[in-house]
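Undergrad: test case, fold it:
(chains A and B)
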Amino acid sequence: MKEGGKSKKERNGVAVTRSVVLAGVGGQGTILAANLLASALLAHGFDVKTSEVHGMAQRGGSVVSMVRFGESVASPLVPRGEAEAVVATELLETLRYVHFLAPGGRIICSRTRIDPLPVLQGAAEYPEDAGELILEYAPGGVIVDAVEIAAGAGSARAANTVLLGILSHSLPVTEEEWLSTIEEVMPGRVVEANHGAFLAGRALESQASPGGEAP
Amino acid sequence: MPKRLLLMGNEAVALGAYHAGVSFASAYPGTPSTEILEELSRFDGVYAEWAPNEKVAVEAAVGASLGGVRSLAAMKHVGLNVAADPWFTLPYIGVSGGLLIVSADDPGMHSSQNEQDNRYYAKAANVPMLEPADSQEAYDLTREAFRMSERFDTPVLLRLTTRVCHSRSTVVTSEPEKVPPVPYQKDAVKRVMIPGHARLRHPVIVERLAELERFSEKFGGQRKVGGSEDAVVVTSGVAYQYAKEAFPGVSILKLAMTNPLPRKLMREFLGRFKEVYVVEELEPYLEEAVAALGFSPKGKERVPRVDELNVDVLRDAFPELAGGPEEKKPIKEITGLPARPPILCAGCPHRGIMYALARLKAIIAGDIGCYTLSVLPPLEAHDCQVCMGASITMGHGLYKALEMASGGEETEGSLSHRVVSVIGDSTFFHSGLTGLMEMAYNDGRFTVVILDNRTTAMTGFQDHPGTGVTLMGKPTTAVDIEMLARALGIESVHVVDPYDLEECRRVLSEEMKRDAPSLVIARRPCVLLEGGKERIPMSIEREACNDCGLCLRLACPALVKRGEEVVILEDTCLGCGVCAQVCRHDAINTV
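TA: Residues are numbered from 1 along each chain as shown, chains lettered A, B, ... in the order given. Okay, the predicted model is just below:
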């Protein structure tokens, strides 16, 4: 993983843009999580771009949001193999976007299974070994019970924020910047739960054994 | 005070319009344009409204412009088709207050039925066009558009695409303008397009276009980005961002004003390079213009004409520009994963009635809305669909053709009697009304079902003429669909509860047999609107269930097959009870 601080790495004389891909199922709050991450990065002083999908794709479909940051960001879409992290709230959706991950990149995902229609109907099989597959593709990945952790912090719907708490260790954004961004971006009634969820995720990271599943 | 904000392109357009002193804004919701009006409605001093459709929105904005205020109408790409009638005559009458038309195109069809390229609309109507590449440009060009509109006495098209509309990027704002209304003055020769007047106005458009081209030559948004001397890339909009990242160090001509194009600037600048490339989404709009200047550009022979672009697509298309060898070995995309198509929500009121129609073997002419999702297996409850409002009119033609094909030998079970048009309430108000008139006037003896869920659900729960509330939250009159249908001369009008499957079946089968125009209104609010309500989930009685799987044919996300067993996910189920009515073994009951 890259260390905190602005990346000085260049390719062909152009400063490298850093990228995070966020994935989930329509209704899980992926867009809001991307907005939170982007706002925190902006607060820290980065140039930021995101892209997201609205409309039909949100009706329980697969949802992906992308966040890019650096000194100056061009494309709002992440090229294949260039995301330093894939953050996902569902196991199958993690696998769906794994090809965006840069070599050595990291997966942070929730141990949540939501069966898509073909599986509900018995027409397709959910990959039962999704968790193991994820760690095979991306050794060093973290799979946590984000929904339970979020529920413990006050709202099961803040699972995304738990995952951002884990991600936060590889970003230079300070804890203060994170907490005040949550206040700015989240609706007032869920700020406390999201503060709790973020800190729970952030605390979790130090306990997680590298390459394995967190407790 | 200038501020640095993180804004979605649509929010940036709204803020730009607000800072440009816009007073009147009208739109019909449509992805990816919807947030422009939602955002504008929050600003003080702006009147913002949902119009029944885009033609209405544009015409209302034209009226407001003639009334002397800066005005805007926003729509998705296909919305401009609906508004095409006023669109082509607007340049004849010109403006008083600045007039901006926003078209949000959807390359890649994230939430659309086609991926038409609306740049050709600007060219076809001789309207100046601006294309922002990110939120900052969306803000700046929106402000510029109002100035241009007034200076050249013309409407201006702001052409956005999904990745501009729904990308967030930083915006630095500038000082807001205060624009006093232009005093009203009658000018019938300029504004009443009888042939004699229009003949006077058409030459004005031609002269104006020449002036606009001179403006385009000097326009600050036309940027020459220096780089290598061998090759230059011509591009506009978000494609510029992809090109800049995919081809580092290559010279770029980045155009922000793409109608009229700065042909002199292009000829001179492009002439300095050995190779000219064109990078644009969808149609070869810029490429044709570059070729017309005598260049032999490389463009659509290698850049796909379908779907949206991205950095990867451009690197693959022009590896000679992409620079050094790939150092990385990315993970291959995993194929064969179960797809996750969007589906009707648990408790969706569309599910029961679409199931009932499918069981009655209805030939379904569908429309644009959540219910179109019922075309997917296992419901497969749609036969045809093309655009907003077409369900009723297509159903009418389908009925007439099938009736003729039967040679007058119609029976209750004949194909023509199976024709049913299905349309949502918001879509009905958009453009279903004239279809209903067609059915009544021309004796279409088929059945129309209005799925009245009291909102515009797919685009995010916007109000419409049937809800009794305006965009700005004011109570207003609500259209009474039953009375409307009767006023059109339709005698058979029924209202059913789409959760009551037996009622739906009974009424629909009777109406499908009826030898007269018939309207059924399936009325129940969208479950997502009713979010806060208490819900009692259903459960399956194990002893009674024989796992026949009939309930699974409803395609409800709360009904799951686990191994051989069918189970109900208690957290997902909203207790609509439709599955209990489908079950032949009486195995599904409330918990």
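Undergrad: what sits against whatever residue of chain B ends up closest to chain A?
TA: The nearest approach of chain B to chain A comes at B:Pro330, 2.4 Å away (CB to the nearest CB). In short, each C-beta sits where N, CA and C put it, glycine included. Residues in contact with B:Pro330, defined by CB atoms under 8 Å, 6 or more residues apart in numbering or on different chains, are A:80-82, A:99, A:101-103.
Undergrad: redo that, cut-off 6 Å
TA: B:Pro330 makes contact with A:80-81 under the criterion CB atoms under 6 Å, 6 or more residues apart in numbering or on different chains.
Undergrad: skipping adjacent residues, who's closest to the residue in chain A that chain B sits nearest to in space?
TA: Of all residues in chain A, the one sitting closest to chain B is A:Gly81 (2.4 Å; CB to the nearest CB). Leaving aside its chain neighbours, A:Gly81 sits nearest to B:Pro330 (2.4 Å; criterion: CB to CB, 6 or more residues apart in numbering or on different chains).
Undergrad: pLDDT score for that neighbour?
TA: B:Pro330 carries a pLDDT value of 80.
Undergrad: which element is it on?
TA: Assigned by DSSP states H and E, B:Pro330 falls within no helix or strand.
Undergrad: and the gap between it and A:Leu95?
TA: Applying CB to CB, to the nearest Å, the value for B:Pro330 to A:Leu95 is 15 Å.
Undergrad: likewise for B:Leu209?
TA: With CB to CB as the criterion, B:Leu209 and A:Leu95 are 53 Å apart.
Undergrad: could you do B:Gln116 as well?
TA: 34 Å.
Undergrad: neighbour count: these two, which is higher?
TA: A:Leu95 (22 against 19; other CB atoms under 10 Å in any protein chain shown).
Undergrad: contacting residues for the more buried one?
TA: A:Leu95 touches B:334, B:337, counting by CB under 6 Å, 6+ apart.
Undergrad: assign it to helix, strand or coil.
TA: helix (DSSP: H, G, I helix; E, B strand; the rest coil).
Undergrad: ranges for the helices of the stretch 301-450 of chain B?
TA: All helices of the stretch 301-450 of chain B, identified by DSSP state H, counting those that start in this stretch, fall at B:311-317, B:349-359, B:390-405, B:425-427, B:433-441.
Undergrad: can you count the residues close to the spatially closest residue to A:Gly27 that is not a sequence neighbour?
TA: The shortest distance from A:Gly27 to any non-neighbouring residue, by CB to CB, 6+ apart, is to A:Gly60 (6.4 Å). Applying other CB under 10 Å, we find 22 residues neighbouring A:Gly60.
Undergrad: give me the element A:Gly60 is part of.
TA: Here A:Gly60 is assigned to no helix or strand, by DSSP H and E.
Undergrad: low pLDDT regions in chain A?
TA: A:1-15, A:55-58, A:206-215 (pLDDT under 70).
Undergrad: correction: chain B
TA: B:1-2, B:324-328, B:410-413, B:531-533.
Undergrad: show me where chain A has strands.
TA: Applying DSSP state E to chain A gives strands spanning A:10-11, A:14-15, A:18-25, A:47-51, A:62-70, A:83-88, A:101-110, A:142-144.
Undergrad: ditto for the stretch 151-300 of chain B
TA: B:156-161, B:167-172, B:223-225, B:231-236, B:251-255, B:257-259, B:275-279 (DSSP state E, counting those that start in this stretch).
Undergrad: and B:Leu209, what does it touch?
TA: B:126, B:260.
Undergrad: the most centrally placed residue in chain A bridge partners, please.
TA: Closest to where the C-alpha atoms of chain A average out (CA atoms, centre = their mean) is A:Val87, at 2.5 Å. Counting by DSSP bridges, A:Val87 forms beta bridges with A:Leu22, A:Ile108.
Undergrad: go ahead and confirm it touches A:Gly24.
TA: No: if you go by CB atoms under 6 Å, A:Val87 and A:Gly24 don't touch, sitting 9.0 Å apart.
Undergrad: using JSON lines, lay out the strands of the stretch 151-300 of chain B together with mean neighbour count and distance to chain A.
TA: Compiled in JSON lines, those are given as follows (neighbours: other CB atoms under 10 Å in any protein chain shown; distance: least, CB to the nearest CB, whole Å):
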{"stretch": "strand B:156-161", "mean neighbour count": "28", "distance to chain A": "11"}
{"stretch": "strand B:167-172", "mean neighbour count": "23", "distance to chain A": "4"}
{"stretch": "strand B:223-225", "mean neighbour count": "14", "distance to chain A": "11"}
{"stretch": "strand B:231-236", "mean neighbour count": "26", "distance to chain A": "12"}
{"stretch": "strand B:251-255", "mean neighbour count": "23", "distance to chain A": "11"}
{"stretch": "strand B:257-259", "mean neighbour count": "26", "distance to chain A": "19"}
{"stretch": "strand B:275-279", "mean neighbour count": "25", "distance to chain A": "12"}
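Undergrad: so can I have CSV of these showing distance to B:Leu344?
TA: Formatted as CSV, those follow (distance: least, CB to CB, whole Å):
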stretch, distance to B:Leu344
strand B:156-161, 28
strand B:167-172, 29
strand B:223-225, 46
strand B:231-236, 38
strand B:251-255, 43
strand B:257-259, 40
strand B:275-279, 39
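Undergrad: quick check: which element contains B:Lys561?
TA: strand B:559-562.
Undergrad: residues making contact with that strand?
TA: A:115, A:120, A:122, B:551-552, B:567, B:569.
Undergrad: ok, A:Ile114 to A:Glu90 distance?
TA: Distance from A:Ile114 to A:Glu90, by CB to CB: 5 Å.
Undergrad: A:Met186 too?
TA: 21 Å.
Undergrad: also A:Val53?
TA: 16 Å.
Undergrad: do B:Leu37 as well
TA: 32 Å.
Undergrad: quick one on the thing from earlier: tell me which of the strands of the stretch 151-300 of chain B sits nearest to B:Glu403.
TA: Closest approach to B:Glu403 among these is made by strand B:156-161 (43.5 Å; CB to CB).
Undergrad: which elements pack onto the closest one?
TA: Where contact means 3 or more CB pairs under 6 Å, 6 or more residues apart in numbering or on different chains; DSSP states H and E, strand B:156-161 is packed against strand B:99-105, strand B:129-130, helix B:135-152.
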